[in-house]
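[1] Structure, please.
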Amino acid sequence: MTLSIWFSLVLICLLGAMSPGPSLAMVAKHSLAGGRANGLATAWAHAFGIGLYALFTILGLAVLLHQFPSVFKLITYAGALYLAWLGWNAIQSKGGIAERLESGKTCSVYQSAKEGFLISILSPKIAIFFTALFSQFVAVSAETSSKAIIVLTPFFIDALWYTLITFMLSSQALLGTLRRKAHWIDRVSGVVLILLALRVVWMV
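    From the prediction side, this is the model:
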């Protein structure tokens, strides 16, 4: 896997992690209600679920690529369309990131970790996102080492992003900055997602 291809993977994974949704709401809830330890437990358990999704998705797409190339190409186009749709929604978002920052009841670190794992492993949105994401990389990454990188990259990016969110929620100054810049974060992410969707179509 070349550095440019890996950078594209990093960028899409980062934008996926940053997009507002139930995962961000879950990490924010446990960080604000339970403290930093609960937030970190939620973040890394969520990332473990993401890693499992990544592994299962890349194995399934590899089978499709070799046995049903036409189906694989159809999934790739559908994935590009989905990324473009996510980008358009992000551009239209009204401070979506900030709106997801909410509090909740205190619970144990174990409970936080369990909820973080379940919110990732049971989310159909994540399943669709990974199918859209990995279809463009499986075709150019036949080596085992490349596949390992494809699986580990979303795991670490997800974990580090939500670790950052946990620390930001521990600082009122950083939290205020996030709220003020939420609109711009959404818009920039949306434009980048649409450009990446166009790149997927160009590569097919």
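
[2] Residue 39: neighbouring residues, count only.
    Residue 39 has 29 neighbours, counted by other Cβ atoms under 10 Å. (Each C-beta comes from the backbone N, C-alpha and C, glycine too.)

[3] quick one: least confident helix or strand in the protein?
    Within the chain, confidence by mean pLDDT, DSSP states H and E is lowest for helix 96-99 among all helices and strands, at a mean of 46.

[4] Check which element follows it along the chain.
    helix 109-121 (DSSP states H and E).

[5] Return that following helix as CSV; C-alpha atoms alone will do.
    This file holds the C-alpha atoms of helix 109-121, laid out as CSV (Å, rounded to 0.1, in the frame of the first residue of the first chain):
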residue,chain,number,x,y,z
VAL,A,109,-16.5,2.0,33.8
TYR,A,110,-17.4,-1.5,32.8
GLN,A,111,-20.9,-0.4,31.8
SER,A,112,-19.5,2.5,29.8
ALA,A,113,-17.2,0.1,28.0
LYS,A,114,-20.1,-2.3,27.2
GLU,A,115,-22.3,0.5,25.9
GLY,A,116,-19.4,1.8,23.8
PHE,A,117,-18.8,-1.6,22.2
LEU,A,118,-22.5,-2.3,21.6
ILE,A,119,-23.1,1.1,19.9
SER,A,120,-20.4,0.3,17.4
ILE,A,121,-21.0,-3.4,16.7
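
[6] For it, name the packing helices and strands.
    In terms of contacts (3 or more Cβ pairs under 8 Å, 6 or more residues apart in numbering; DSSP states H and E), helix 109-121 is packed against helix 22-34, helix 36-67.

[7] Can you list the buried residues in it?
    For helix 109-121, burial by neighbour count (16 or more other Cβ atoms under 10 Å) applies to 109, 112, 113, 115, 116, 117, 119, 120, 121.

[8] Tell me the gap between it and the middle of its chain.
    Centroid separation for helix 109-121 versus its chain: 16 Å, with Cα atoms, centre = their mean, to the nearest Å.

[9] My guess is residue 157 contacts residue 13. True?
    Yes: counting by Cβ atoms under 8 Å, residue 157 touches residue 13, with 4.4 Å between them.

[10] these two touch, right, residue 166 and residue 44?
    No: with contact defined as Cβ under 8 Å, residue 166 does not count as touching residue 44 (9.9 Å).

[11] More neighbours: which of the two?
    It is residue 166, of residue 166 and residue 44, that has more neighbours when counted by other Cβ under 10 Å, with 24 against 19.

[12] Same list, the helices and strands packed on helix 109-121, but as a markdown table with distance to residue 8 please.
    Shown next, in a markdown table, are the helices and strands packed on helix 109-121 (distance: least, Cβ to Cβ, whole Å):
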| stretch | distance to residue 8 |
| --- | --- |
| helix 22-34 | 22 |
| helix 36-67 | 15 |
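
[13] Can you say which of these is nearest to residue 9?
    Proximity to residue 9 (Cβ to Cβ) singles out helix 36-67 among those, at 10.5 Å.

[14] Who are the packing partners of the following helix or strand past that closest one?
    Using DSSP H and E, the helix or strand that follows helix 36-67 in sequence is helix 69-92. With contacts taken as 3+ Cβ pairs under 8 Å, 6+ apart, helix 69-92 sits against helix 36-67, helix 124-138, helix 172-203.
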